[in-house]
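[1] only geometry, no sequence info:
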């Protein structure tokens, strides 16, 4: 007898099927970084997301909720590979990366190690998705061979500079920034002025959203914007999952 399939609502704690494996990223200055690669189960990915997490001195890590939920859902819902990792000195349930936090300086080697890993693994269509502190790392260090573009969630522009924006402007690769209406650091009106050096940046104000993107409506919006760039054919993202 063939079992009937049942639909289950996708909730904050939902973890959908994927091939998940622990990875160790090796930096050029000799550190080992803790990470995880989540892949679609039984089929190749169509695109890849490298996640750069929020500020570790304020609780940011590879398990910060947007990135944990992206890894839990997007391999199954959108055939996207998710590579997330702890930058130097950062700890999560998966373990602690070697080294110490360095205020967006030596983290350059962490970003380079993640991109090198993704390229060497043959992962397709690699995008960087940074959140808060991770957006500064993306803007400062993410302009690397093999990267198609970047998506910035709640960019504070704390460590990145106008010169960093100008380099992306000259290069021309896509830069998409989601700006929460109620952000603690950079709101839409100020973001328009702050991003002026990067003339082709796509700034998306998100009504009612806050810096931490708390709540399922905010999570769904962020994941939708990511999939829109990496695999738009997978939209709209299902809100239910059929189990067999």
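    Looks like it arrived, so ask away. What you see is a predicted model; the values in this text were computed from it and never measured.

[2] Where do the helices of this protein begin and end?
    Listed in chain order, the helices found in the chain under DSSP state H are 65-78, 107-120, 133-141, 162-171, 188-194, 216-230.

[3] Mind putting these into CSV with mean pLDDT and mean neighbour count?
    All C-beta spots, glycine's among them, are computed from the backbone N, C-alpha and C. Converted to CSV, the helices of the chain look like this (pLDDT from 0 to 100; neighbours: other CB atoms under 10 Å):
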stretch, mean pLDDT, mean neighbour count
helix 65-78, 98, 23
helix 107-120, 98, 21
helix 133-141, 98, 26
helix 162-171, 98, 15
helix 188-194, 98, 15
helix 216-230, 98, 19
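
[4] Among those helices, which comes closest to residue 236?
    When those are compared by CB to CB, helix 216-230 sits nearest residue 236, at 7.3 Å.

[5] follow-up on the earlier one: which one of the helices of the chain lies closest to residue 152?
    Minimum separation from residue 152 across the helices of the chain (CB to CB) falls at helix 133-141, 4.1 Å.

[6] what angle sits between the closest one and helix 162-171?
    Computed by axes from the mean of the first three to the mean of the last three CA atoms, to 10 degrees, the angle separating helix 133-141 from helix 162-171 equals 60 degrees.

[7] Identify all contacting residues around helix 133-141.
    Helix 133-141 is contacted by residues 51-56, 60, 87, 104, 107-108, 110-112, 128-130, 150, 152-161, 164-165, 168, 177 when judged by CB atoms under 8 Å, 6 or more residues apart in numbering.

[8] Can you tell me which of those end up in strands?
    Under the assignment DSSP state E, those contribute 51-52, 128-130, 150, 152-153, 177 to strands.

[9] Identify the residues contacting residue 151.
    For residue 151, the contact set (CB under 8 Å, 6+ apart) comprises 127-130, 176-178, 225-226, 229.
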